[in-house]
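Trainee: Build me a model from this:
(chains A, B, C, D, E and F)
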Number of protein chains: 4
Amino acid sequence: MKTQQTAEGVARPAGRPRSEKAEKAIVEATLDLLGDGIGVSELSIEAIAARAGVGKTTIYRRWTNKEDLVVDALASLKPPIPLSRGGSVRDDLVTYLRVIREESRHQRTRCIMNIAMTDTERHPRLAERFREIAIKPRREVVLAVLRRGIDSGELRADLDVEVAMGMLSGAIIWHVKWSDPDEEISEDLPERIVDEALKGFRPREA
Amino acid sequence: MKTQQTAEGVARPAGRPRSEKAEKAIVEATLDLLGDGIGVSELSIEAIAARAGVGKTTIYRRWTNKEDLVVDALASLKPPIPLSRGGSVRDDLVTYLRVIREESRHQRTRCIMNIAMTDTERHPRLAERFREIAIKPRREVVLAVLRRGIDSGELRADLDVEVAMGMLSGAIIWHVKWSDPDEEISEDLPERIVDEALKGFRPREA
Amino acid sequence: MKTQQTAEGVARPAGRPRSEKAEKAIVEATLDLLGDGIGVSELSIEAIAARAGVGKTTIYRRWTNKEDLVVDALASLKPPIPLSRGGSVRDDLVTYLRVIREESRHQRTRCIMNIAMTDTERHPRLAERFREIAIKPRREVVLAVLRRGIDSGELRADLDVEVAMGMLSGAIIWHVKWSDPDEEISEDLPERIVDEALKGFRPREA
Amino acid sequence: MKTQQTAEGVARPAGRPRSEKAEKAIVEATLDLLGDGIGVSELSIEAIAARAGVGKTTIYRRWTNKEDLVVDALASLKPPIPLSRGGSVRDDLVTYLRVIREESRHQRTRCIMNIAMTDTERHPRLAERFREIAIKPRREVVLAVLRRGIDSGELRADLDVEVAMGMLSGAIIWHVKWSDPDEEISEDLPERIVDEALKGFRPREA
DNA sequence: ACATAATCGAGACGGTACGTCCCGTCTTGTT
DNA sequence: AACAAGACGGGACGTACCGTCTCGATTATGT
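Mentor: Next comes the predicted model:
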């Protein structure tokens, strides 16, 4: 492929450059459709092209398959860093769990989450990307809170922070996903989880 | 519609009765395909019919849509009751978490689990059924163990058993699904989870 | 392929038989489009399917390529045998040339003729078929007239009927196709051609 | 539009002049492709540009559509004046028909002829141009021969030269195009045509 | 034994989306 | 201003399945 030389000395491929506008429209259309509850399998390139007002070739020129496109679309989402920090460990953890629960109640986030939980097994690259952009930042935040708690003496010095993090995140997700749909999820679930976790299941020995 | 009278006195429609063999073959073919990692969306009636050696009509005559078929197929699975009971609360919980982890390592269970985690949002009836046949029995078992622990004094009398159950189940699932694929999941993860849960995060006050 | 046995003992392929109605609709749509002046190259399977109210597969199931479809479509046209016979040789030949000229003035025939003249080189099978259904019958008719003329003494006994036929048919086509579009083609062209042909170009020797 | 002043005083548009080399390459590429048996409909600007080593814009800048380009390309062909004159009328006519038959046997001429016969209806401007550069000169030549024959007494004084010309040209073309492909076209076809035409179909009266 | 009737397999039906190819237009930096 | 390169929106290609339909053949009973 021939290239052209720009003033900045950066090689550029010859010919008309790819339209950033089109690219954005495609990603946005993808997120829109995903947000409308369309799953990765049901998501059709043709529908994306139509909604983005773009030719199919313009999509295929950039992404060789649907999975890559979805990966990039998800990646374009800013991870809405969920934690306001600075209070007590208990307050921070409660806040964190509340944010997750709130997210799971909003349409777009919910759909994105679904994809994460859902199409992840059939699309390993997607899972990897999701871990990167969604799981990892939250994980770091919780780990930081827990470590801070250990330093300040609020938490046990020998606490297994990995396990603790899994218990907190896992618990809220479990309830959101699997609790009986007839019963309301209690509003104070985050507090209850955090408190039980802090206390431990065993009775205090005299 | 004319009916026929069987010896048992049960009214039966006239004409050739439906083949039980075909029905079984269809359900089996469905589970096979699901077990091969095919998701509900990718699962095609055509493929099921082909693998079952059956005409497509024979499937559509019995189930009006794919979801209903999958529901029935999943229902036909015996819930492999996961808990050997009788030891200490700690032992029982560790055993329970181990069973879940093992299941997640075996092909067929893993795939079924994926479907549960996966296609659940797009197929609400499926989710409901899965809750019925997979979640509920496990939930009951854990709740029973926890209540027994309270009775025996091994656990706090005011323990929130729902929350505790969510923490345990959620923690193991979280780790199985979201832990860094490069790092091995530690073999003693079930023990670590149970121990941290029992102890609580907070240090013992003097 | 499995077959079924009919009462008449004629083997029939299993499954739903192909719809004759669809087949006719496809052929008719093809001729319509061709008659609208669409050439074989411009003719799209998609357009045929749309006009016939038929799925593309229904077309591809029967014809592997466009050319075969056009061949069959043309073949379905009844050759409108152009000659009323029984008069003098001169009258019959004039009638024949008139019919050709008239045909070349009517829309549908004109378009079919165009295809014959046109797409024939790029589509040899089409040419062959056209020769069969359009050229050959006309050729036979003219040859018959000429032979009758020889028998009756109206024409020379040693007349080269092949060449004579070519001169008559070729002359009318040449004029229809290549005469100056500004000048009207004279109404009595058929008579003029026949008369010149009968007389010969050379003057009568004393 | 600004213009520049050449030494010859002819106004010229400002900016880089159009490349004559490119223009020639385009026309040549077009004729090449046409000669390879590609029809006007199948002929793609993309293919022409590629073969000419030229950008598509360079073509579209000069010709607004494919037809115009083909017209110009055909126009660039020198009409290979087909008649050596000077012998008897019979000899001249035989020579003329032979030339046509030979042309129809050579690849490039054959393809050009095909285009004439072929794409003419769908592309009227092309037809007109072809009439100008290919038909008209031949027509004139034959008419001249015939008129010369009348003057010299070789032909009837009242011969309808237009009709006669059509019969001769039409006959050879008819045979070349429509004769049975299994039978060889007889080598002496030109002689046979001319002789029959000269004699007329009717027997000499005593 | 035979008519009745629902089911069976096979496969054609009208559709939708696929990923590819090429169209004619447009938008770059270079000549 | 013209050039080559190549991206753009669009339309048709031929394929793969979709869920529905229509066949003849099969398999039960009820007379």
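Trainee: Helix, strand, or coil at whichever residue of chain A sits closest to chain C?
Mentor: As assessed by CB to the nearest CB, chain C sits closest to A:Glu46 within chain A, at 15.0 Å. Bear in mind the C-beta positions are built from the backbone N, C-alpha and C, glycine included. Three-state assignment for A:Glu46 (DSSP: H, G, I helix; E, B strand; the rest coil): helix.
Trainee: what residues are up against the residue lying closest to it once chain neighbours are set aside?
Mentor: Once flanking residues are discounted, A:Glu46 sits nearest to A:Lys56: 6.5 Å by CB to CB, 6 or more residues apart in numbering or on different chains. The contact partners of A:Lys56, taken as CB atoms under 8 Å, 6 or more residues apart in numbering or on different chains, are A:Ile45, A:Glu46, A:Ala49.
Trainee: What's the separation between the residue nearest the centre of chain A and DNA strand F?
Mentor: With distances taken as CA atoms, centre = their mean, A:Ala134 lies nearest the centre of chain A, 2.9 Å away. Using CB to the nearest atom of the strand, to the nearest Å, one gets 28 Å for the distance from A:Ala134 to DNA strand F.
Trainee: For that residue, give me phi and psi.
Mentor: Per-residue torsions, A:Ala134: phi -120, psi -50 (degrees, to the nearest 10).
Trainee: ok, now A:Asp91?
Mentor: phi -60, psi -40.
Trainee: For it, give me its contacts.
Mentor: A:Asp91 neighbours (CB under 8 Å, 6+ apart): none.
Trainee: and the strand or helix carrying A:Thr30 with chain B, contact?
Mentor: According to DSSP states H and E, A:Thr30 maps onto helix A:20-35. No. Using CB under 8 Å from any CB of the partner chain, helix A:20-35 stays clear of chain B, with a minimum separation of 11.7 Å.
Trainee: packing partners for that helix?
Mentor: helix A:45-52, helix A:56-60, helix A:66-75, helix A:107-118 (3 or more CB pairs under 8 Å, 6 or more residues apart in numbering or on different chains; DSSP states H and E).
Trainee: Just after the last one, pick out the following helix or strand.
Mentor: In this case it means helix A:107-118. Where DSSP H and E defines the elements, the next helix or strand beyond helix A:107-118 is helix A:124-130.
Trainee: Rounded mean pLDDT for that following helix, please.
Mentor: The predicted model assigns helix A:124-130 a mean pLDDT of 76.
Trainee: Please could you give me each C-alpha atom of that helix, formatted as PDB?
Mentor: Extracted in PDB, the C-alpha atoms of helix A:124-130 (Å, rounded to 0.1, in the frame of the first residue of the first chain):
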ATOM      1  CA  PRO A 124     -14.100 -15.100  24.500                       C
ATOM      2  CA  ARG A 125     -12.600 -11.900  23.200                       C
ATOM      3  CA  LEU A 126     -15.600 -10.100  24.200                       C
ATOM      4  CA  ALA A 127     -15.300 -11.500  27.700                       C
ATOM      5  CA  GLU A 128     -11.700 -10.400  27.900                       C
ATOM      6  CA  ARG A 129     -12.500  -6.900  26.900                       C
ATOM      7  CA  PHE A 130     -15.400  -6.700  29.300                       C
END
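Trainee: Which secondary structure elements does whichever helix or strand comes after that helix sit against?
Mentor: Heading C-terminal from helix A:124-130, the first helix or strand you meet, by DSSP H and E, is helix A:136-152. Judged by 3+ CB pairs under 8 Å, 6+ apart, helix A:136-152 is in contact with helix A:89-103, helix A:161-178.
Trainee: Helix A:136-152 to helix B:161-178, inter-axis angle?
Mentor: 120 degrees (axes from the mean of the first three to the mean of the last three CA atoms, to 10 degrees).
Trainee: what distance separates helix A:136-152 from the centre of its chain?
Mentor: 18 Å (CA atoms, centre = their mean, to the nearest Å).
Trainee: Point out where chain A drops to low pLDDT.
Mentor: A:1-10, A:78-85, A:107-108, A:110, A:114, A:116-122, A:201, A:203-206 (pLDDT under 70).
Trainee: Residue in it with the shortest distance to chain B?
Mentor: For chain A, CB to the nearest CB, closest residue to chain B: A:Gly200, 2.0 Å.
Trainee: ok, for A:Cys111, nearest residue in space, not its chain neighbours?
Mentor: Closest residue to A:Cys111 apart from its sequence neighbours, by CB to CB, 6+ apart: A:Gly35 at 4.9 Å.
Trainee: is it true that the one you found touches A:Ile112?
Mentor: Yes. With contacts counted by CB atoms under 8 Å, A:Gly35 reaches A:Ile112, the gap being 7.5 Å.
Trainee: what about the two, which has more around it?
Mentor: Shown here are A:Gly35 and A:Ile112; by other CB atoms under 10 Å in any protein chain shown, A:Ile112 has more neighbours (21 against 16).
Trainee: what's that one in contact with, if anything?
Mentor: A:Leu34, A:Gly35, A:Leu74, A:Leu77, A:Ala134.
Trainee: I figured the third one hits A:Arg129, correct?
Mentor: Yes. Applying CB under 8 Å, one finds A:Leu74 in contact with A:Arg129, separated by 6.1 Å.
Trainee: check whether stretch A:177-187 contacts chain B.
Mentor: Yes. Using CB under 8 Å from any CB, we find that stretch A:177-187 touches chain B at A:Lys177, A:Trp178, A:Asp180, A:Pro181.
Trainee: quick revisit: any idea how far the residue of chain A closest to chain C is from A:Glu187?
Mentor: Distance of A:Glu46 to A:Glu187, computed by CB to CB, to the nearest Å: 43 Å.
Trainee: next one: A:Asp92
Mentor: A:Asp92 sits at a distance of 19 Å from A:Glu187 (criterion: CB to CB).
Trainee: neighbour-wise, which of these two wins?
Mentor: Taking neighbours as other CB under 10 Å, A:Asp92 and A:Glu187 compare with A:Asp92 leading, 22 against 10.
Trainee: Got the domain ranges for chain A?
Mentor: Here the domain parsing of chain A from automatic domain parsing is A:16-75, A:89-199.
Trainee: Can the longest one be said to contact DNA strand E?
Mentor: Looking back up the chat, that one is domain A:89-199. No. Using CB under 7 Å from any atom of the strand, we find that domain A:89-199 stays clear of DNA strand E, coming within 13.0 Å at best.
Trainee: Next, the distance between the ends of that domain.
Mentor: When the termini of domain A:89-199 are compared using CA to CA, to the nearest Å, they are 13 Å apart.
Trainee: Next: the first one.
Mentor: Across its full length, domain A:16-75 reaches 26 Å end to end, with CA to CA as the criterion.
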